[in-house]
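Chemist: The following block contains a protein sequence and its predicted model.
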Amino acid sequence: MSAEVDPDLEVTEIVDRTVKAGGPALLFEHPKGARHALLINQFGTEKRMCMAFGVDSLDDISKKLSNVLELQPPQGLLEKVRGLQTLKSIADSRPKTVRKGPVHEVVLQGDEVDLSLLPVMRCWPDDPAPFITLPAVITRDPRDGSRNVGMYRMQVIDRNTTFMHWQIHKDGRADWLATDGRIPVAVALGLDPVSAYSASAPLPKHLDEFMMAGFLRGEPVELVKGITVDLEVPAHAEIVLEGYIEQDELGTEGPFGDHTGYYTAAEPFPVFHVTAMTMRRDAIYPSIVVGKPPQEDAWLGKATERIFLPAVRTTLPEVVDYDLPVAGGFHNCVIVSIRKQFPGHAQKVMHAIWGMGMLSLTKCVVVVDAHVDVHDYEQVLFYAGANVDPKRDVVISEGPLDHLDHAPERQFFGGKLGIDATSKWPEEGARPWPKEIEMTEDVRALVDRRWAEYGLESVLPRRGAESR
Ligand SMILES: Cc1cc2nc3c(=O)[nH]c(=O)nc-3n(C[C@H](O)[C@H](O)[C@H](O)COP(=O)(O)O)c2cc1C
């Protein structure tokens, strides 16, 4: 787009309308007051998310991962070859250190550093300043040297400092808290979409997000040494901010119009000092708007939902599928279908979810039987209505809640709701459970065969015809 557009609120309004209409990625070539172009809505549809991962459906990504997680000792030559290919794809995922990269075409250090060169957006009217919203923040755990890459918003303070919004449950914050002084930090902006996505993925602490990106891309992420920090940074990033954060330097960050749909309150967060700003010539600055769902981040969340299903199944093999509704802000609700095998099985699954990685922050878990399509919210509501005796089937518990959740009495801690919408067994206190109404398969097949005779084709295609 060649029109001059203001990163102060105006871009948000354009993007909000575009995302909600399923519109295209937008490149603002002339953002007001900045030297660099602004790219936004790169992840804004399922189709673009699939293009980013080079797959036809997001489920294809999770298949790739389940091949690794379900690796068994091979039987026969073919399985051995397949197993070796899978192992090789893991070995080839490790980031590769290279000597030079386009991210060092321009190097600004010391007084040359100036964040106002970038079209950093102020997204919502009550945001006090512009926020960098799509960064991949790189740190190293001072205890074991393992790398962490995470996506945390950064409120701009002045030309060379920002806040770092490391929430309480996050690995980046743990790295910072483990230092006794200053932690080096590098922030990569404008990565290939899979690496950018990986920064938002809830990986266990010891796993390197760039390794995961390499695995998902089928090609290692290339890294170069930072210029003023002892960290490696993506060689092909558009922009990298290098710097440090002190253990004891905090300031008041926020409020910020967040993905909760509300402004999250101002709170103390650490200050990031930028010692170098390196970039490609004509670097493009990437951004994202979060706010009342649905926004562009919905598709980052859906990718995580699909990619992590095989990992959930390693602990809970009874899980058929799960869905984190976008409108539920992801951590507010999980719908999960299970192969029920014993009384209390639904409750076991709820408690397991409340104990599993970032899923532990889930406020409400709805458990349905295996045949229920968890992505069809009408179906889920049907079973949640028909199968639930609220006195018997509702679990109220408590535990950790999302940093940004404004509803609980106390920050970080509060109530959990579990709804067991599975069919009940006698041992669970049910009277004889009625049979669900279903048409027989032979009548369905008969009607399929005769559909054209009924003269209804123009009103309704024959069952299954759309998938022909
Ligand atoms: C667009 C976007 C913005 C995010 N902003 C923040 C943030 O400001 N602070 C935060 O702690 N997490 C934020 N997250 C979530 C983290 O990126 C996510 O939890 C990630 O797994 C954190 O990595 P870590 O566990 O390695 O620290 C954001 C996610 C997305 C997609």
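Modeler: Arrived safely.
Chemist: How confident was the prediction at whichever residue of the stretch 301-450 of the chain sits closest to the ligand?
Modeler: The minimum distance from the stretch 301-450 of the chain to the ligand, using C-beta to the nearest ligand atom, falls at Met358 (6.1 Å). For glycine as for every other residue, the C-beta is placed from the backbone atoms N, C-alpha and C. At Met358, the model reports a pLDDT of 95.
Chemist: what about Gln109, how many neighbours?
Modeler: Close neighbours of Gln109, defined as other C-beta atoms under 10 Å, add up to 14.
Chemist: Apart from its chain neighbours, what residue comes closest to it?
Modeler: Leaving aside its chain neighbours, Gln109 sits nearest to Ala276 (4.8 Å; criterion: C-beta to C-beta, 6 or more residues apart in numbering).
Chemist: Contact partners for the one you found?
Modeler: Ala276 sits next to 107-109, 113, 226-229, 240-243 when contact means C-beta atoms under 8 Å, 6 or more residues apart in numbering.
Chemist: Mind doing that once more with 10 Å?
Modeler: 104, 107-110, 112-113, 160, 186, 226-229, 240-243 (C-beta atoms under 10 Å, 6 or more residues apart in numbering).
Chemist: and the stretch 201-350 of the chain, which residues reach the ligand?
Modeler: Within reach of the ligand by C-beta under 6 Å from any ligand atom, the stretch 201-350 of the chain has these residues: 201-202, 288, 290, 297, 300.
Chemist: If any of those are buried, put those into a ChimeraX selection.
Modeler: In ChimeraX, this line selects whichever of these come out buried by 16 or more other C-beta atoms under 10 Å:
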select :201,202,288,290,297,300
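Chemist: ok, which pair from the residues of the stretch 201-350 of the chain next to the ligand is furthest apart?
Modeler: Pro202 and Ile288 (17.4 Å; C-beta to C-beta).
Chemist: coming back round to it: sort out which one of the residues of the stretch 201-350 of the chain next to the ligand lies nearest Leu177 for me.
Modeler: Of those, the one sitting nearest to Leu177 (C-beta to C-beta) turns out to be Pro202, at 18.6 Å.
Chemist: The closest residue to that closest one other than its chain neighbours: what secondary structure?
Modeler: Excluding its sequence neighbours, the residue lying closest to Pro202 (C-beta to C-beta, 6+ apart) is Met358, at 3.9 Å. Following DSSP: H, G, I helix; E, B strand; the rest coil, the label given to Met358 is helix.
Chemist: Next, count neighbours for Ser66.
Modeler: Ser66: 15 neighbours (other C-beta under 10 Å).
Chemist: isn't it right up against Arg313?
Modeler: Yes - applying C-beta atoms under 10 Å, one finds Ser66 in contact with Arg313, separated by 7.5 Å.
Chemist: re earlier: identify those among the residues of the stretch 201-350 of the chain next to the ligand that sit within helices.
Modeler: 297, 300 (DSSP state H).
Chemist: Same list, the residues of the stretch 201-350 of the chain next to the ligand, but as CSV with pLDDT and distance to Leu9 please.
Modeler: As requested, those are exported to CSV (pLDDT from 0 to 100; distance: C-beta to C-beta, whole Å):
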residue, pLDDT, distance to Leu9
Ala201, 95, 30
Pro202, 94, 31
Ile288, 98, 15
Val290, 97, 15
Asp297, 96, 19
Leu300, 96, 23
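Chemist: in the stretch 151-300 of the chain, which spans are strands?
Modeler: Secondary structure of the stretch 151-300 of the chain (DSSP state E, counting those that start in this stretch): strands located at 154-158, 161-163, 182-189, 222-225, 232-234, 239-253, 256-257, 263-264, 267-279, 284-286.
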